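Enquirer: Need a 3D model of the sequence below.
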Amino acid sequence: MTARAPALWISEADVASLLDMAAAIAALEQGLQLEARGDAANMTKTHVAWPGGNLHAIGASFTGAGIAGTKTWAYTPKGSTPLLILFDSASGALLAVIEAFALGQLRTAAASGVATRRLARPEARAFAIIGTGEQALPQAAAVAAVRPIDGIRVFGRDPERRAAFARRVEEELGIPATGAGSVAAAVDGAEIITLATRATEPFLRSAMVARGAHVNAIGAITPERAEFEPELLGRCDPIVVDSVSQVQRLSREFMTHFAQGSAAWSVVTPLSAIVAGAQERPPASDLTLFKAMGMGISDLSLGIGCYRRAAEQGLGRSIPHPERARIRLRPVKTIPGGVRS
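Expert: All right, here's what the predicted structure looks like:
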């Protein structure tokens with residue numbers, strides 16, 4: 001059998017040098033266009049939980065690119081190590097292994113950027129973000145990339161982290177930011193609200209949100225989590241998600257709302273349909289909402305571009321392609337002196 005070409009191992013530093021927020025948003029929009037045309041398809045997200053952690057796997061195939069891939073990671077309180085693995089969809093050959101923490105931050109934020117561009121009022125300037133973790137700054141950057149934000153209000157449970165995050169926003173994005181003492185104070189009058197937490201109980205009440213706002217909810221991606229009360233969905237038109245099948249299976253907020261019979265699932269629109277149809281916010285809409293669960297098309301949209309740029313620019317570390325070996329069918333015998341036969 002002919003040896004296959006080496007694959008690329010693309011590091012976090014490589015990813016950071018190859019992609020920025022604008023490039024991530026553009027790459028994701030292209031991937032969503034392909035999804036709408038039927039040229040990209042998601043793998044059903046799977047996960048398993050145990051006390052103190054959970055394991056996730058998502059993936060997708062891109063027909064035109066001839067690439068399929070999967071991203072997997074184990075979340076624990078001590079951290080995670082996400083990896084995106086790309087394969088040639090015709091031969092099954094390994095193309096690349098991409099360290100995917102930075103890529104994941106960019107793709108999740110890019111989804112909010114794409115949704116905010118389509119769903120927030122064009123003149124929206126007042127932005128509130130709930131959560132000060134690792135996703136928070138990219139989320140703020142994505143919203144600022146598509147709307148003329150002139151001030152950001154921040155809420156997180158830890159006052160010191162809240163203040164530190166506000167300073168970091170000002171330093172890195174050049175936008176005035178202030179800490180708020182509560183969720184209600186942060187979102188009061190906000191035109192765009194992003195929820196980026198690991199909350200297990202809803203904290204955003206419908207009554208807190210002003211008419212005309214757009215909400216990005218990106219933190220609650222498994223059934224044990226929730227960020228907004230399900231009643232909020234009754235005010236939203238449109239309700240947009242990255243993956244309808246995943247919110248049906250994994251979003252407690254959505255499952256609770258639709259189980260009550262107040263609306264049919266047909267009112268939920270995939271983000272790809274919004275992008276492909278060049279749809280914008282309806283003028284009479286009370287609220288709009290985008291719910292991100294994370295999907296393989298998002299990761300591969302960025303990952304394929306990252307892989308191609310790395311190959312063109314000579315970045316990444318060449319690794320030998322895995323080769324098959326004969327399996328051992330019988331126990332190895334050892335003769336006196338330690339020599340195996």
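Enquirer: Buried residues in stretch 104-119, which are they?
Expert: By 16 or more other C-beta atoms under 10 Å, the buried positions in stretch 104-119 come out as 104-119. (Glycine included, C-beta is placed from N, CA and C.)
Enquirer: Same question for stretch 316-332.
Expert: Buried residues in stretch 316-332, defined by neighbour count with 16+ other C-beta under 10 Å: residue 316.
Enquirer: send the alpha carbons of that stretch over as PDB?
Expert: Output of stretch 316-332 as PDB, limited to C-alpha atoms (Å, rounded to 0.1, in the frame of the first residue of the first chain):
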ATOM      1  CA  GLY A 316       1.500  23.800  11.200                       C
ATOM      2  CA  ARG A 317       3.700  20.800  12.000                       C
ATOM      3  CA  SER A 318       3.800  17.800   9.600                       C
ATOM      4  CA  ILE A 319       2.800  14.600  11.300                       C
ATOM      5  CA  PRO A 320       3.000  11.100   9.700                       C
ATOM      6  CA  HIS A 321      -0.200   9.700   8.500                       C
ATOM      7  CA  PRO A 322      -1.400   6.700  10.600                       C
ATOM      8  CA  GLU A 323      -0.600   3.400   8.900                       C
ATOM      9  CA  ARG A 324      -2.300   0.100   9.600                       C
ATOM     10  CA  ALA A 325      -0.400  -2.600  11.500                       C
ATOM     11  CA  ARG A 326      -1.100  -6.300  11.800                       C
ATOM     12  CA  ILE A 327      -3.000  -7.200  15.000                       C
ATOM     13  CA  ARG A 328      -1.600  -9.800  17.400                       C
ATOM     14  CA  LEU A 329      -3.900 -12.800  17.600                       C
ATOM     15  CA  ARG A 330      -2.000 -15.000  20.100                       C
ATOM     16  CA  PRO A 331      -0.100 -14.100  23.300                       C
ATOM     17  CA  VAL A 332       3.600 -13.400  23.000                       C
END
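Enquirer: Identify all contacting residues around it.
Expert: Residues outside stretch 316-332 that contact it (C-beta atoms under 8 Å, 6 or more residues apart in numbering): 1, 3-11, 14, 93-94, 96-97, 310, 340.
Enquirer: 10 Å - rerun?
Expert: 1, 3-11, 14-15, 18, 93-98, 306-307, 309-310, 340-341 (C-beta atoms under 10 Å, 6 or more residues apart in numbering).
Enquirer: what mean pLDDT does that stretch have?
Expert: Mean pLDDT, stretch 316-332: 91.
Enquirer: Centre of the chain to it, how far?
Expert: 34 Å (C-alpha atoms, centre = their mean, to the nearest Å).
Enquirer: Report the secondary structure element holding residue 112.
Expert: helix 101-119 (DSSP states H and E).
Enquirer: Tell me the first helix or strand C-terminal of that helix.
Expert: Elements were assigned by DSSP H and E; along the chain past helix 101-119, the next helix or strand is strand 126-130.
Enquirer: Within the sheet, what are the partner strands of that following strand, with directions?
Expert: strand 151-155 (parallel), strand 192-195 (parallel) (DSSP bridges).
Enquirer: and it with helix 101-119, angle?
Expert: Here the directions of strand 126-130 and helix 101-119 differ by 140 degrees (axes from the mean of the first three to the mean of the last three C-alpha atoms, to 10 degrees).
Enquirer: residue ranges for the strands of the stretch 101-250 of the chain, please.
Expert: 126-130, 151-155, 177-179, 192-195, 214-217, 236-241 (DSSP state E, counting those that start in this stretch).
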